[in-house]
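> whatever this is, show me its structure:
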Amino acid sequence: MNADGAEVPGDATVLVEHNLDVFVNEILTMRIVCTPNHLIDLVIGRLFSEGVISGVIDVESVYLCEHGTRARVTLRNRVADFSKTGINVVPSCCTGNKLYNHYFDADGASEKVVPIAWEHSWVFAAARTFAQDSPLHKCTFGTHSCYVLVDGRIVCCREDLGRHNAFDKALGAALRAGVDLRQAMVFSSGRIPVDMVMKAIRASVPILVTKAVPTDATIELARAYDLTLICSARPDSMRICHDPKA
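This is a model prediction of the structure:
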């Protein structure tokens, strides 16, 4: 219906909420609500950003059932302790978006990231690409996007109904493509709360960019871990919240 009250023909594309159960070493470890695409990227990225694996080298195999509702991951040399049982709810940007068991509890503090030199043009290029819209968002207006850039060039883009999922899908895609995330910039369309910053830190990503605004805790964490944090990124402006090389 338009502003005059007249009906406008046409079908709207609606996002699909997909449920994915992830078994790691035969133990149900995650239940994720997501869009039903790039699911292996999501699983690999989530395990990586939560510190369960150090890279694809730790993964012996990943099996996704024909319906995409179950993923089975076998870790090489059983790198994680999967002797516990039970699944806890962890809040995220989408209520009930993810369920974790205790395998994701960190045993120690993450290491600081290693800062790299960067150029303002990289941020502007990513922001321009985002402004042109990503495919699924263009159809539904209901997704978050995440880009991974190396030397200012976008090497992968992923979308999902949740910003955490989009972030993990992008990380997983980059890892599977052999991208060195220690030399990468990650651009997210969503807010960057503390848990998103920790994902970047665990992934050793040196530069995190968002079109949204930061929180005080986000900036404090970036400073503590030498993470370059850039917010309010637009095609012609940005806010540098922390740059350890400045």
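> tell me the domain ranges of this structure?
Using automatic domain parsing, the domain ranges for the chain come out as 18-104, 120-242.
> mean neighbour count, those domains: which tops it?
Mean neighbours per residue, mean count of other Cβ atoms under 10 Å, is largest over those for domain 120-242, with a mean of 20. For glycine as for every other residue, the C-beta is placed from the backbone atoms N, C-alpha and C.
> rounded mean pLDDT for that domain, please.
Throughout domain 120-242, pLDDT has a mean value of 90.
> ok, L64 to N19 distance?
13 Å (Cβ to Cβ, to the nearest Å).
> ok, now D236?
Using Cβ to Cβ, D236 is found at 41 Å from N19.
> re earlier: with distance to E111 as extra columns, can I get the domains of the chain in TSV?
Shown next, in TSV, are the domains of the chain (distance: least, Cβ to Cβ, whole Å):
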stretch	distance to E111
domain 18-104	11
domain 120-242	8
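> and V114, which of those is closest to it?
Of all the domains of the chain, the one in closest proximity to V114, counting by Cβ to Cβ, is domain 120-242 (6.2 Å).
> just the endpoints, please. Distance across the closest one?
End-to-end distance of domain 120-242 (Cα to Cα, to the nearest Å): 14 Å.
> and for stretch 171-183?
From its first residue to its last, stretch 171-183 covers 13 Å (Cα to Cα).
> can you list contacts of it?
For stretch 171-183, the external contacting residues (Cβ atoms under 8 Å, 6 or more residues apart in numbering) are 38, 40-46, 48-49, 55-56, 113-114, 116, 148, 150-151, 155-156, 158, 184, 186, 199, 203-206.
> so how far is that stretch off the chain centroid?
Put simply, stretch 171-183 sits 12 Å off its chain's centre (Cα atoms, centre = their mean, to the nearest Å).
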